[in-house]
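Asker: Just to be clear, the model below is a prediction. Sequence and coordinates:
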Amino acid sequence: MLDLSPEIDELRTAGVLSDRDAAVLIARERRAIFSIRPELRAMSWGGALLVAAGAAALLARNLERIGPIVLAGGVGVAALLAYGYAAWRRRAARISLVDEYILLLGALLLSADLAYLEGQFHLLDHGWPRHLLLMAVVHGATAYWFESRMLLSLSLAAMAAWMGIEQRVERIFDSTIETALRALACSAVIVMWRAADARWRTARTFAPVFEHFAANLALFGALILTVEKDTRGTGLVLIAALAAVVIRHGFRVRAESFVIYAYAYAVLAIDIAVVDILDDGLLITSFLLLSTIAAIAGLFALHAAYRRREP
Amino acid sequence: MMGPDVRDERLMELRNRGLQVRPRVPWRSNGVVLSIVFFALTSIGILALYGFLYQIKLTWLTGILSIALAEFLIHGRRFFGTGVESALWLGGLFALIFELPGPPREEGLLLFAAAAALAGWRMRNGFFGALAALFVMRYTAARGDETVAASVAVVLSLAALAALGREWGRPSTERLWIALLIIPPVSLLIDVPRLLPWWAALMGGMAIGSLAAGLRIRTHAPLIASAVYLALSTAILAAHDLLPLTVEWRLITGGALLLAASAALARLLRDRTGGIVTMPATSAPFEEAAQIVGTLALQPRVAQAPQEPGGRFGGAGATGEF
């Protein structure tokens, strides 16, 4: 066990901490208060994912034994029950930390059910990807109704999937220019969605979700352009510009994660572009060595600049 | 000057929790995420250095240069816990091992264990200490005795659990016990099919013991270890087909039990303001982000019947090929 209460008490004496803040911190250090909230959240999250995985397996394995209508109906009813429970709890005076995960479970069950229905009955025929758009709309609407960032992220992921962007890291190397343009277009749509959200909604709780999705999709699209020989120059310019914008945004909103990954995307793009031009092993390893040292020094400088702006 | 003294380490711990400590600690360190980023970048740099020296037939210099640079950064620039110097130490020692003559042998794993332990001791890095234990466990498993590997994991966990019960001055020492408590059993997940069913009972016992210890000493690590041991126990039973129901109903039942247990605990503790509570405590800035990323990555997918050749999409619980 670690008990830093003597040091916290010194900070209180030095005036760094107020009496009240120091008392709370010391109570935690001495285990007079011990919150198991993270454990309960992890348990609830794991529980929701396990039930949803079980439902997906149920749909996949019991088609012939039970039949598609009963299966889809059963999972659909379970999804509605989860949504109903979450709606009922929302109206109650006391909200439990588990409620959000019941809602997540409902959304995952609904997604699985919609995909299953489309797969079995081909309701949209060749336009089947539109069921992803339907999911994006449903998850988006329920995200606003329940004010849930988790559902908003499901909605944005479904929209990205509808626009043709797959969730696989290796896509960077086997994607086409078309995928890059789709990623950039999707990012632009999310930026517009964020602007509309900021215009018509007072709470700013969704802003980080929009911003991280938009930034990653845009940087991902620019990175694909850098990998493609025909668009390498454009990709490099674009990724440099986007990384600068994202890093500046990270400084502005005090979120260092933006700074770190925008920097990482830019470094990766430069390395990919230069290594592809070089054809000599000695030159390649020399460049990688120097660029990595430069990248480390640059990240230290960025981090120091970020820390200097801390209040 | 080997590194930060006890007082420096304790103040660095408070600094990493976002407090403005006084007097200022002279050592440079980073938070967990930034340390991992610097560790990864430095590892790439060591690989590039190895590649460069390979071209001029001087690969043996990689380890020496890396460790020398790490010591320069520690002594000259007061780096300790930035991620750079620990990657240089570990990577440097590994590079030296790669230079040893002769064919690869199982005993090489013990050399890597010694290297991880040495780097862990020098850098006071608990994760490296656990890495050393993992190499020893892999060595015993490579010799065909997974039972010994599992026994090592259980013994280390028990020792770490006992150690966590007493108060430690250095945060790094506590981190070592936490790493030894959690990481070795996690690594056992790959050995599950080869462990006999009675191991499930032992793992179940460890889960209960860790849970009880965690609640008694009010520390999170034993609670996490309890979840790991419970998962191990369930996985062993599942591997030997000793659980009732089909896979899908096992998942649904297990998930429902987890949800019900957390709902019951949340309800039971909701009005408490002292002791074990459910109110938000220390800030966990990456907790929600981790859950969102985890949900997007792990969400169940229902495959759709292919209709036409073309691309492949996925997301929000659905995927398909067309």
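Answerer: Sure, I can see it.
Asker: Relative to A:Trp45, how far out is A:Lys207?
Answerer: Wrong residue type there; residue A:207 is Ala, not Lys. Separation of A:Ala207 from A:Trp45 (C-beta to C-beta, to the nearest Å) stands at 23 Å. All C-beta atoms are positioned from the backbone trio N, CA, C, and that covers glycine.
Asker: swap in B:Ala200?
Answerer: Distance of B:Ala200 to A:Trp45, given as C-beta to C-beta: 25 Å.
Asker: More neighbours: which of those two?
Answerer: The neighbour count for B:Ala200 versus A:Trp45, taken as other C-beta atoms under 10 Å in any protein chain shown, is higher for A:Trp45 (25 against 22).
Asker: Would you check that that one makes contact with B:Ala290?
Answerer: No: with contact defined as C-beta atoms under 8 Å, A:Trp45 and B:Ala290 do not form a contacting pair (9.5 Å).
Asker: did I read that right, B:Trp168 in a helix?
Answerer: No: assessed with DSSP: H, G, I helix; E, B strand; the rest coil, B:Trp168 is coil; it does not lie in a helix.
Asker: and it, backbone torsions?
Answerer: The phi and psi values for B:Trp168, taken as degrees, to the nearest 10, are phi -120, psi 150.
Asker: Contact partners for the closest residue to B:Asn125 other than its chain neighbours?
Answerer: Excluding its sequence neighbours, the residue lying closest to B:Asn125 (C-beta to C-beta, 6 or more residues apart in numbering or on different chains) is B:Ser86, at 5.4 Å. Taking C-beta atoms under 8 Å, 6 or more residues apart in numbering or on different chains, we find B:Ser86 in contact with B:35, B:39, B:70, B:119, B:123, B:125, B:128.
Asker: contacting residues around the fourth one?
Answerer: Listed by C-beta under 8 Å, 6+ apart, the contact set of B:Ala119 reads B:86, B:89-90, B:93, B:125, B:128.
Asker: go on, the second one?
Answerer: If you count contacts by C-beta under 8 Å, 6+ apart, B:Phe39 has them with B:83-84, B:86-87.
Asker: And the strands in the chain, which stretches?
Answerer: Answering for chain A, as no chain was given. All strands of chain A, identified by DSSP state E, fall at A:33-35.
Asker: I was after chain B.
Answerer: Going by DSSP E, chain B shows strands at B:275-277, B:312-315, B:318-321.
Asker: In space, what's closest to the residue nearest to the spatial centre of chain B - neighbours in sequence excluded?
Answerer: By C-alpha atoms, centre = their mean, the mean C-alpha position of chain B lies nearest to B:Ile183, the distance being 5.0 Å. Nearest in space to B:Ile183, with sequence neighbours left out and distances taken as C-beta to C-beta, 6+ apart, is B:Ala130 at 4.0 Å.
Asker: quick one, what contacts A:Trp17?
Answerer: Not Trp; residue A:17 is Leu. A:8, A:11, A:25, B:19.
Asker: ok, now B:Leu223?
Answerer: B:Leu223 makes contact with A:36, A:39, B:210-211, B:214-215, according to C-beta under 8 Å, 6+ apart.
Asker: Emit the PyMOL select command for whichever of the residues you listed are buried.
Answerer: Here is the PyMOL command that selects the buried residues among the contacts of B:Leu223 (16 or more other C-beta atoms under 10 Å in any protein chain shown):
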select buried, (chain A and resi 36+39) or (chain B and resi 210+211+214)
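Asker: Return the subset of the contacts of B:Leu223 lying in helices.
Answerer: A:39, B:210-211, B:214-215 (DSSP state H).
Asker: how about CSV for those residues, with pLDDT added?
Answerer: Below are the ones in helices among the contacts of B:Leu223 laid out as CSV (pLDDT from 0 to 100):
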residue, pLDDT
A:Glu39, 94
B:Ser210, 97
B:Leu211, 97
B:Gly214, 96
B:Leu215, 95
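Asker: can you pull the pLDDT of A:Trp168?
Answerer: If you look again at residue A:168, you'll see it is Arg, not Trp. On the pLDDT scale, A:Arg168 is placed at 61.
Asker: Do you know the pLDDT at the residue nearest to A:Leu132 when sequence neighbours are not counted?
Answerer: Take A:Leu132 and drop its neighbours on the chain: the residue closest to it by C-beta to C-beta, 6+ apart is A:Trp162, 3.8 Å away. Model confidence at A:Trp162, given as pLDDT, is 89.
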